[in-house]
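Q: quick one, what's the 3D model for this:
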Amino acid sequence: MRLPRRPRLLLPVLIALVAIVVAFFIFTGVYTDYLWFESVNYTTVFSTVVWTQVLLFVLGALLMAGIVGGNMWLAHRVRPMFGIGMFGNATGADRYRMAVDPHRKVIFLIGMGILGLFAGSSTSGQWRTWLLFFNGTPFKQKDPQFGLDVSFFMFTYPFIRMLLNFLFTAAILSIIAAAIVHYLYGGFRIQQPGGVHASRAARAHLSALLGVFVLLKAVAYWVDRYGLAFSDRGFVHGPSYTDVNAVLPAKTILAIIALLCAALFFAGVVRPGGMLPGVSLGLLVLSAVLIGGVYPALVEQFQVRPNQQAKEAPYIQRNIESTRAAYSVKDAQVEEYSAATNTQQATQPQEENDTIPGVRLLDPALISSSYQRWQGFRDYYQFPPQLDIDRYTINGVETDTVVAVREVKATETNNWINRHLVYTHGYGVVAAPGNKVAEGNPDFVEENIPPTNALGKYEPRIYFGENSPDYSVVGGSKIELDYVDDKNHQVSTQYTGKGGVPVGSFFNRLLYAAKYGEPNFILSGAINSNSKILYIRDPRDRVQQVAPFLTLDGDPYPAVVGGRVLWIVDGYTTSNEYPYSQSNSLRDMTRDTSTEAHRVVGQPADQINYIRNSVKATVDAYDGTVRLYAWDDQDPLLKTWQKAFGGSIIEPRSAISPELKAHLRYPTDLFKVQREILSKYHVTEAQAFFSNTNVWNVPDDPNAKGIRQPPYYVTLRMPGTQTPTFSLTSTFTKGEAQLAAFMAVEATTGDANARIRILQLPAGTPIQGPVQVQTNFKAAVANDPTFQRSGSTEPIFGNLLTLPYRGGLLYVQPIYVQVKDAVKQYPVLTRVMVMFGSGQVGNGATLEEALQQVFGEGQQERPQTENQPNTSTEQTAVSSAADKVKKAYEDAQAAFKAGDWTKYGEAQKALAEAIAEMEAAVKGQNAPASPSASPSASPSGSPSPTPSTTPTTSTSPTSTPISGA
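A: Below is the predicted model of the structure:
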């Protein structure tokens, strides 16, 4: 039955229309990407990636279709010339051939098209491997086993493996496809009795294909020898004793055997019968099992394991040296630090008095809501959940400063004009010294709208930030909201930056209407010839687009530089192909409380064994300009990418201005990776490394059990140095109980490979780890009148800082209480806790007061609590609980010093129970709240300051240095 003429014509028309629509959306995606790259002047990156992908797609598709299709054509060409049913009834293969044969050309073309599409897509995804191979730069370092330049393993070996995988796939598919064609057209058939009968041509064809497959296997065996550089068979990664003495020769022997077996398969082309292919196949399998599997297992079992330490020592030493080089920690300096454990051993503080007043006590992970409370002003502004630390000169002194930009918040008004044309940008930088508070709140030095410009005069509008809208249309008219002034008048602006893609033409508006599924691009009269669209606005995303070869740090930070707000983003070159280096998960190495709480961006789960901080990138917060600077300009991997994309996309290190350089810092994710590596690889001697007795742990965050403590930026003075430096710091512990070492790197050294210093404590030095220190702090504050007066029995513990001080190590931790007012909840810094050495604890309103309590220098008596309830029963309960806390604490200290960890654990459990009892008693004592216990009261008992809602009025009260200096 034939279809009517109209339906037969309608189907091709519908197919054509669908094809046109699909092609239009594909074109829209590609062309709008090009327009974006053009707007940031990085079209070289776009063209390099696209044309490399196109080239690899075409090559992959044509080669795969050509190899497989050619073998199918050959199988059809040499088919036996006989009719259907010649060997019996038209059953089996004959029926399939009768169904396929009339349409074989169409089926063949469709099949090869689909195969080419998949093969091309897979190959184009390997564009990084191709560019690295084609542009590889020598490392001028040889691997210790094969004597080859490291660049062979980084660039050439991955490409060879990619090529072999492609050819293996083509060979297997060719064998399968040729066998199917031979079967359909009678080249071989199943007979009863007699088994399989194959024509001479079919046997020769399949023997040749199997010979090619085995020949590829011979090449793979030979190449696999170099893959042993990444072996994980031994105690560490890299060739082990078994790999070098058993697997390596086995691979060589197997390659020779495979070569002989391939020759036997090729001999089957001219010699009839299946004996030679059968013999070669059996020999290949048997040798792979015995030589490739059994022999190395016997060597491992009977030679290595009985004397593993001695056998593996040379190979462990290679791994240590390669790992330390690959992670850029080979120059890390470990020095013995005989830390004082009590105040009697402490040195005099005169030479360190210039450090303590600058210790940062504002916790950037806690005070975002404080910034929102005092500097948010309107609901359409927001601050990130974690603020940033930078260095600024305040009153002539270099100061650790907590900074944030006031970004636009998506309006709840469900109106396209408001969301994308009015609320387009944030406004201004907010900054406060890390070592000062104003009645428990940040003491802002850069604040308000318009900004005070204490950090210098700058363009305050933030069009590009971490929380910017997905897209905004700007520049068309002066309707973009800046702020509302003190007379409640809206102050608006019109974007004049060079960034953004023009959408004045109808064609571009049509493209973006399709891209975002938004007809208002075409219908709205607010878009005119001056309009631009801003998208891909997160600084990390912008840098990732123009530098797809980089792995980016998870925590970009803003800085006022040259009258602009610049986002600074650290870029890493990473690889998992450095020979002999230990491979680890990047996500696992950088995971801590900041990533788990999604305050900073977590890293991918990629395995890496090489990393360099090769690039410093900046993104202009006003016009989105992206600039890349070669920071580690000696990195061969960076040089390779520069050759691949043209040297012009990355500016030389010399192009970094002195003002920008002053704000560059040692990146946190690199420090976390190096911290993880140095927890084991601070041991540089193979015998000691094998014994595994001096492994350190990265401590858990005391506020989040089971998750690592993040590193902290803090100004400190390392032993042997003359001046304090802005540093990135962390600690190591033995288990959870005892502090093992302190690690720091100067954060503003200006050196891409800054020296890491580790102060290693002698074994048995009784200095507690962060978790135990916070337990002690909880005991100390459980009956603190400050928290009773604030109406809170559950203090909020800030970042626990560690720093060298007076010949020992000092813990410093700010304590907050949560205050709730008519606007929102926010933390108020109330107390400062310190602990020196083995357990002396200080609890003061200022850092100076807490230190006085520990060191006994001018110690002042703590003021009495006002309006404290005088109920004897409640006081008795509190007193009893306090005694239990004290006794449990003293028992824990005694057990700790004695090294009796069983009693120490029992004492810690008793201490936790006593603290809980104390909290319950204090809560009962505070039940009848007094006026001074209002949640909005300041720590001194006076009402908290209420900020003016006028953006031009300062909201911060008179400042008080938390250090007491």
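Q: buried residues of the helix or strand that contains D541, list them for me.
A: Assigned by DSSP states H and E, D541 belongs to helix 539-546. Neighbour-count burial for helix 539-546, with 16 or more other Cβ atoms under 10 Å as criterion, is recorded at 539-540, 542-546. Bear in mind the C-beta positions are built from the backbone N, C-alpha and C, glycine included.
Q: could you do stretch 397-404 as well?
A: 398-404.
Q: just the residues contacting it, thanks.
A: Residues outside stretch 397-404 that contact it (Cβ atoms under 8 Å, 6 or more residues apart in numbering) are 358, 360, 362, 364, 367-368, 371, 383-384, 387-394, 429-435, 442, 445-446, 557-559, 713-715, 726.
Q: and those, which of them are in helices?
A: Secondary structure assignment (DSSP state H) places 368, 371 from the contacts of stretch 397-404 within helices.
Q: next up, the contacts around the residue nearest to T52 when sequence neighbours are not counted.
A: Distances taken as Cβ to Cβ, 6 or more residues apart in numbering place W127 nearest to T52, at 4.5 Å, with adjacent residues excluded. W127 sits next to 49, 52-53, 56 when contact means Cβ under 8 Å, 6+ apart.
Q: same for the one helix or strand G70 maps to, what does it pack against?
A: Secondary structure assigned from DSSP H and E places G70 in helix 43-77. Secondary-structure packing of helix 43-77 (3 or more Cβ pairs under 8 Å, 6 or more residues apart in numbering; DSSP states H and E): helix 5-39, helix 104-124, helix 127-134, helix 157-184, helix 200-227, helix 636-645.
Q: what average pLDDT does the very next helix or strand once past the fifth one get?
A: Spelled out, it's helix 200-227. The C-terminal neighbour of helix 200-227 among helices and strands, as given by DSSP H and E, is helix 241-242. The average pLDDT for helix 241-242 rounds to 96.
Q: mind listing the helices for the stretch 801-950 of the chain?
A: Under the criterion DSSP state H, counting those that start in this stretch, helices of the stretch 801-950 of the chain are mapped to 847-855, 872-898, 901-925.
Q: isn't Q709 right up against R675?
A: No: shown here, Q709 and R675 do not form a contact pair, counting by Cβ atoms under 8 Å, at 10.2 Å.
Q: now do the helices in the stretch 651-800 of the chain.
A: 658-661, 668-681, 686-691, 770-781, 785-789.
Q: that older thread, just the buried residues of stretch 397-404: which are in helices?
A: Members of the buried residues of stretch 397-404 lying in helices (criterion: DSSP H): none.
Q: which of the residues you listed sit farthest apart?
A: E398 and A404 (19.6 Å; Cβ to Cβ).
Q: residue contacts, the residue most central in space within the chain?
A: What sits nearest the mean C-alpha location of the chain, by Cα atoms, centre = their mean, is Q603, with 2.1 Å. Q603 sits next to 551, 554, 586-587, 590, 595, 669 when contact means Cβ under 8 Å, 6+ apart.
Q: format those residues as a markdown table; extra columns: neighbour count and secondary structure.
A: Below are the contacts of Q603 laid out as a markdown table (neighbours: other Cβ atoms under 10 Å; DSSP: H, G, I helix; E, B strand; the rest coil):
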| residue | neighbour count | secondary structure |
| --- | --- | --- |
| T551 | 20 | strand |
| G554 | 20 | coil |
| L586 | 22 | helix |
| R587 | 14 | helix |
| T590 | 26 | helix |
| T595 | 21 | helix |
| D669 | 25 | helix |
